[in-house]
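[1] I'll drop the sequence and a predicted model, then ask my questions.
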Amino acid sequence: MSDAFPTTGIFRRGYGKDAVDDFFVDARHAYEGGLPAEQFSAEQVRQASFPRQRNGYDTQAVDAAMSRLEAAFVQRDRADHIAVNGEAAWYEKVADRATTLYPRLLRPYGDRFAHPKSGIGYDAEQVDDLLDRIAAFFDDREELLADDVRHALFKSARGKKAYAMGPVDAYLGRAVEILSLRELNDDTASCPSRLNGIHRHPGPAGYRPIRRAFRCCRAERGWTFPRTPCSAVRTLSPTNRGYPQR
């Protein structure tokens, strides 16, 4: 699979060719049924990382291919789950998975993640801003796509002004998973029973059944996200690569 992607040239670093080639060979084998979903799924694609080398593969080209590969595995996993458990169970699974994101959204600014014990981390204000957008999405106040989170950029910071990278990456990985599942369900034709039998109609995101499932699941637990005034929302500065680190 030599030069499966554009290369960077000898003066720039890209992803290691052998590592990328090996990963895509394994992914194709898994997708075609060579490995069960428990061993290789969208999560493995999302968490994959590659070493850097000169004259490596162009990072943007590989990242785009990884996004498409992740979507393919999400779709396969959804089809497999529905075939065994039914569509309603799939909606329940996604909505319940989304609840793992909620508690951290309710924490105060500056304390949503642990601070790095040493070294650098992600700028806490910028991470909090992104979490505000996630909360606004669940509150039907803002549209948000998986790629918005997947390609988020954060400045470096230290001490109390920073969040440790590991917990942030893990959390945003779950957010990407949930948003990807929601996007996959945008074209479904019906809602599960927990949504009171409301059927999807063409229109704004509020009509999408999976989005309604999020609201229902949150309402069952009595969680309300704080609203941030528009004047307090800051723009992410693309000075340092945030999630994901591949």
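    It's in. Numbering: from 1, shown residues only.
[2] give me every residue that touches residue 70.
    Neighbouring residues of residue 70 by Cβ atoms under 8 Å, 6 or more residues apart in numbering: 42, 45, 46, 180. Where you see a C-beta, it was placed from the backbone N, CA and C, and this is true even at glycine.
[3] ok, those residues vs residue 57, which is closest?
    residue 45 (15.9 Å; Cβ to Cβ).
[4] My guess is the closest one contacts residue 74. True?
    No - counting by Cβ atoms under 8 Å, residue 45 does not reach residue 74; the two are 9.1 Å apart.
[5] For the residue most central in space within the chain, give me the pLDDT.
    Closest to where the C-alpha atoms of the chain average out (Cα atoms, centre = their mean) is residue 176, at 1.1 Å. At residue 176, the model reports a pLDDT of 87.
[6] Surely it and residue 47 touch.
    No - when contacts are counted by Cβ under 8 Å, residue 176 is not listed as touching residue 47 (10.5 Å).
[7] if we can go back for a sec, for the contacts of residue 70, work out which two are farthest apart.
    Of all pairs in the contacts of residue 70, the most separated under Cβ to Cβ is 45 and 180 at 10.4 Å.
[8] What ranges does this protein have for its strands?
    13-15, 52-54, 120-123, 156-158, 162-163 (DSSP state E).
[9] Could I get the pLDDT score of residue 1?
    52.
[10] again, but for residue 200
    29.
[11] try residue 131
    94.
[12] Tell me how many other residues crowd it.
    Residue 131 has 24 neighbouring residues, counting by other Cβ atoms under 10 Å.
[13] coming back round to it: now the strands of the chain in JSON lines, please, with extra columns for distance to residue 95, mean pLDDT and mean neighbour count.
    Putting the strands of the chain into JSON lines (distance: least, Cβ to Cβ, whole Å; pLDDT from 0 to 100; neighbours: other Cβ atoms under 10 Å) gives the following:
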{"stretch": "strand 13-15", "distance to residue 95": "35", "mean pLDDT": "92", "mean neighbour count": "21"}
{"stretch": "strand 52-54", "distance to residue 95": "39", "mean pLDDT": "92", "mean neighbour count": "14"}
{"stretch": "strand 120-123", "distance to residue 95": "28", "mean pLDDT": "94", "mean neighbour count": "23"}
{"stretch": "strand 156-158", "distance to residue 95": "34", "mean pLDDT": "93", "mean neighbour count": "15"}
{"stretch": "strand 162-163", "distance to residue 95": "27", "mean pLDDT": "96", "mean neighbour count": "25"}
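[14] mind giving me a markdown table with the ones you listed and columns for distance to residue 60?
    Below are those laid out as a markdown table (distance: least, Cβ to Cβ, whole Å):
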| stretch | distance to residue 60 |
| --- | --- |
| strand 13-15 | 9 |
| strand 52-54 | 14 |
| strand 120-123 | 21 |
| strand 156-158 | 21 |
| strand 162-163 | 26 |
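[15] Looking at those strands, which is nearest to residue 68?
    Using Cβ to Cβ, those put strand 13-15 closest to residue 68, at 15.8 Å.
[16] Helix or strand with the lowest mean pLDDT in this protein?
    helix 209-221 (a mean of 55; mean pLDDT, DSSP states H and E).
[17] Any idea how many residues pack against the closest residue to residue 35 other than its chain neighbours?
    Among residues not flanking residue 35 along the chain, residue 29 sits closest, at 6.5 Å (Cβ to Cβ, 6 or more residues apart in numbering). Residues near residue 29, counting by other Cβ under 10 Å, number 12.
[18] Would you mind measuring from residue 29 to residue 18?
    As judged by Cβ to Cβ, to the nearest Å, residue 29 and residue 18 stand 17 Å apart.
[19] what's the answer for residue 151, then?
    For residue 151, the distance to residue 18 - Cβ to Cβ - is 25 Å.
[20] the more surrounded of these two?
    Per other Cβ under 10 Å, whichever of residue 151 and residue 18 has more neighbours is residue 151, with 18 against 14.
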